[in-house]
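Undergrad: dropping a prediction and its sequence here:
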Amino acid sequence: MSHYEPQVSKRYARALFEAAKQHNAIDLISEELTGIHNTIVIDNSLINFLTAPQVADEDKYSLIDNIFKNRFSDIIHGFMRLLVEKHRTRFVEPVIEEFTNLVEEEKGILRVKVTTSLPLDKRQSDELVARLRKMTGKTIHLYREINKEIIGGIVINMKNHIIDDSIKSKLDSIKNHLLSIKVH
């Protein structure tokens with residue numbers, strides 16, 4: 001992926017977000033995009049058709065109209081037509097992801113991925129959420145992952161900030177320190 005591609009997704013997501021905001025329809029558009037995303041995850045034939053260079057744009061517009069015109073908001077219908085017009089349909093999933101990020105930012109929500117070697121119990125999760133909420137001032141949506149390779153401890157990934165307090169990380173640090181010591 002070139003450095004240009006993420007910018008395309010961000011630009012289109014920002015434009016869609018601003019249109020949704022202007023029409024006071026952020027929640028509606030978010031819900032519709034979630035439905036589109038869930039459909040694409042199950043069956044990507046829609047995206048394959050819309051990105052196929054051998055399919056005429058008129059056929060793509062016809063499909064967009066058949067699927068989106070009466071089932072989705074005018075904003076989503078128009079947006080999907082714009083993606084076809086600009087030959088940007090391959091960016092549907094990254095645009096949806098970026099739109100979701102913008103919605104969460106607007107609502108003060110922070111997605112946090114927590115990796116542990118064993119599952120957190122409810123008390124531990126609640127405590128962690130409370131600490132992170134106090135630290136960030138945001139509503140925390142916790143996503144848990146189990147990874148036995150970290151041995152113990154916790155790895156917290158918040159947007160672009162990682163807190164690695166895993167035993168594996170500490171052992172790697174000790175190993176690197178020992179390897180850097182010159183012995184005469």
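TA: Great, that's in hand. This is a predicted model, so every value here is computed, not measured.
Undergrad: in contact with the spatially most central residue of the chain, which residues?
TA: Geometric centre of the chain, nearest residue: Glu97, 4.0 Å, by C-alpha atoms, centre = their mean. Contact analysis of Glu97 by C-beta atoms under 8 Å, 6 or more residues apart in numbering lists 9, 13. All C-beta atoms are positioned from the backbone trio N, CA, C, and that covers glycine.
Undergrad: can you tell me the SS state at it?
TA: helix (DSSP: H, G, I helix; E, B strand; the rest coil).
Undergrad: that one and Glu105, how far apart?
TA: 13 Å (C-beta to C-beta, to the nearest Å).
Undergrad: any idea how far the residue nearest to the centre of the chain lies from Glu106?
TA: 15 Å.
Undergrad: over to Arg88?
TA: Going from Arg88 to Glu106 by C-beta to C-beta gives 23 Å.
Undergrad: try Asp121
TA: 32 Å.
Undergrad: which one's more surrounded, these two?
TA: Using other C-beta atoms under 10 Å, the more surrounded residue of Asp121 and Glu106 is Glu106, with 12 against 9.
Undergrad: which one is the more buried one nearest to, not counting chain neighbours?
TA: In space, and not counting its chain neighbours, Glu106 is closest to Ile26: 7.0 Å by C-beta to C-beta, 6 or more residues apart in numbering.
Undergrad: ditto for Glu93
TA: That would be Ile40: by C-beta to C-beta, 6+ apart, it lies 6.3 Å from Glu93.
Undergrad: off-centre distance for the helix or strand that contains the one you found?
TA: Per DSSP states H and E, Ile40 falls inside helix 26-42. Mean-position distance between helix 26-42 and its chain equals 12 Å (C-alpha atoms, centre = their mean, to the nearest Å).
Undergrad: show me what that helix is packed up against.
TA: Packing partners of helix 26-42 (3 or more C-beta pairs under 8 Å, 6 or more residues apart in numbering; DSSP states H and E): helix 4-22, helix 45-51, helix 74-85, helix 92-107.
Undergrad: could you list the residues in contact with the third one?
TA: Outside of helix 74-85, the residues within contact range by C-beta under 8 Å, 6+ apart are 12, 16, 19-20, 23, 25, 29, 32-33, 36, 50, 57, 60-61, 64-65, 68-69, 88-89, 91-92, 95.
Undergrad: ok, back up a step: and for the residue nearest to Glu93, the neighbour number?
TA: Number of residues near Ile40 (other C-beta under 10 Å) recorded here: 16.
Undergrad: which residue ranges make up the domains of the protein?
TA: Annotated domains of the chain cover 4-105, 108-180 [automatic domain parsing].
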